[in-house]
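1. Need coordinates for the following:
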Amino acid sequence: IKKVVQSLKKRNKNLTFIIGALPNIKINIAKKLGVQNQCSVEYNTFNGFNKSCVAIVASGTATLECALSNTPFIVIYKTSWISWLLTSLFVRVRFASIVNILAKKKIVKEFLQNNFQAKLIEEEICCLLNKNNKQMLHDFKEIKELLGDGSAYKKTATFLISNE
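-> Below is the predicted model of the structure:
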């Protein structure tokens, strides 16, 4: 991710970054990424997504939070090869992102394992920054309607279990 952040900084010096983190994490992520002067840390994911034009999100419930906040995003995830191999032997799903799984189609791009390449991620972030993302936002609306009012996580879990 550091390569992506550095490349994005070179393309647009006015970009600012929001890093989502848990309050108990003391690692200075902004310094490691080289954006300490262009960055804020947000401990509430919804607040962070609501302040963002585009997000890079690890696969998990944060992807659903991102969609619910109408923030265009991409999904990234990379693990050890042995973990990836074992997971692929036991888990059969088309997508890693909860949003794509719920939609039963690719709404957001996923950069997993071999696809987890700085250049590919950077290009997609630039693309999201430079287009209106109307279709993605429409698809997010459909996800919200599918989940209904309240208890989104419970409904998502029920949906995922019933559609194995």
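2. And the pLDDT at Glu164?
-> Per-residue confidence (pLDDT) for Glu164: 58.
3. Against which helices or strands is the lowest-mean-pLDDT helix or strand in the chain packed?
-> Ranking every helix and strand in the chain by mean pLDDT, DSSP states H and E puts helix 152-162 at the bottom, with a mean of 71. If you count contacts as 3 or more C-beta pairs under 8 Å, 6 or more residues apart in numbering; DSSP states H and E, helix 152-162 packs onto helix 61-68, helix 98-103, helix 134-147. C-betas here are computed from N, CA, C, even on glycine.
4. In the last one, which residues are buried?
-> Meaning helix 134-147. Neighbour-count burial for helix 134-147, counted by 16 or more other C-beta atoms under 10 Å, picks out 136, 139-140, 143, 147.
5. how many degrees apart are that helix and helix 152-162 in direction?
-> Here helix 134-147 points in a direction 90 degrees away from that of helix 152-162 (axes from the mean of the first three to the mean of the last three C-alpha atoms, to 10 degrees).
6. For this structure, just list every one of the helices.
-> 2-11, 29-33, 45-50, 61-68, 81-90, 98-103, 118-129, 134-147, 152-162 (DSSP state H).
7. Show the contacting residues for the residue nearest the centre of the chain.
-> The residue lying closest to the centre of the chain (C-alpha atoms, centre = their mean) is Val57, at 2.3 Å. By C-beta atoms under 8 Å, 6 or more residues apart in numbering, the contact list for Val57 reads 63, 66, 73-76.
8. how about a cut-off of 6 Å?
-> Val57 makes contacts with 63, 66, 73, 75, as judged by C-beta atoms under 6 Å, 6 or more residues apart in numbering.
9. again with Thr63
-> By C-beta under 6 Å, 6+ apart, the neighbours of Thr63 are 57, 75, 97-99.
10. Could you identify the pair within the residues you listed that is furthest apart?
-> By the measure C-beta to C-beta, Val57 and Ile98 form the most distant pair in the contacts of Thr63, at 10.3 Å.
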